[in-house]
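[1] here's my sequence, what's the structure:
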Amino acid sequence: MFEVFSTPASDRFFEDYTVGGTYVLGTFSVTDDDIIAFARQYDPQMMHIDRDLAAKGPFGELIASGWHTVGLTMRLVVDKFLPHNGLAAPGIDELRWPRPVRPGDLLTVHATIQQARRSRTKPDRGLLHILLEVLNQDGDVVMSLKPVNLVRTRYPEATD
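    Residues are numbered from 1 along each chain as shown. Coordinates of the predicted model:
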């Protein structure tokens, strides 16, 4: 069962996230032209920019740069998941690309809250430990990462 937010991102706070809850953030796909355009600018490896060489390589065709997948995922995370509260993230752990993203793949982003706790030093915010998974149309995970996000609390005076 997937969770649904009862509040829009503009009104979302730490208390609106459910530990153990998984949220579906949306879907996206990429074309071979998208893959080449991104890779030419940011990750110009042959498997991302040269159709002929990629076809002769281990994947048999162009594949998307993992960084391209990160960027497209981040757009959904910002638009659909994170509160619009201006706090920065302290980092991510365990970024993995277990399967390639191929032209035409339909990718779905899931966000699961693994842990949530109030900041010990700043009661106006909490820390969310999240598992982000990007799945292709076959249900295979093509990317996973574990970001930690700071989120403002609705009730800064409350304690755990």
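
[2] distance check, Ala116 against Asn85.
    15 Å (C-beta to C-beta, to the nearest Å). No exception for glycine: its C-beta is placed from N, CA and C like everyone else's.

[3] more neighbours: these two, which one.
    Ala116 (20 against 16; other C-beta atoms under 10 Å).

[4] any idea which residue sits dead centre in the protein?
    Thr73 (4.2 Å; C-alpha atoms, centre = their mean).

[5] how about the helices in the chain?
    32-42, 46-49, 51-56, 66-80 (DSSP state H).

[6] distance between the ends of stretch 133-144?
    With C-alpha to C-alpha, to the nearest Å as the measure, stretch 133-144 spans 4 Å from end to end.

[7] pLDDT (mean, whole number) over that stretch?
    Across stretch 133-144, pLDDT averages out at 98.

[8] show me what counts as buried in it.
    133-136, 142-144 (16 or more other C-beta atoms under 10 Å).

[9] for that stretch, give me every contacting residue.
    66, 69-70, 73, 94-101, 105-110, 112, 131-132 (C-beta atoms under 8 Å, 6 or more residues apart in numbering).

[10] cutoff 7 Å now
    Here stretch 133-144 makes contact (C-beta atoms under 7 Å, 6 or more residues apart in numbering) with 66, 69, 73, 96-99, 101, 105-110, 131-132.
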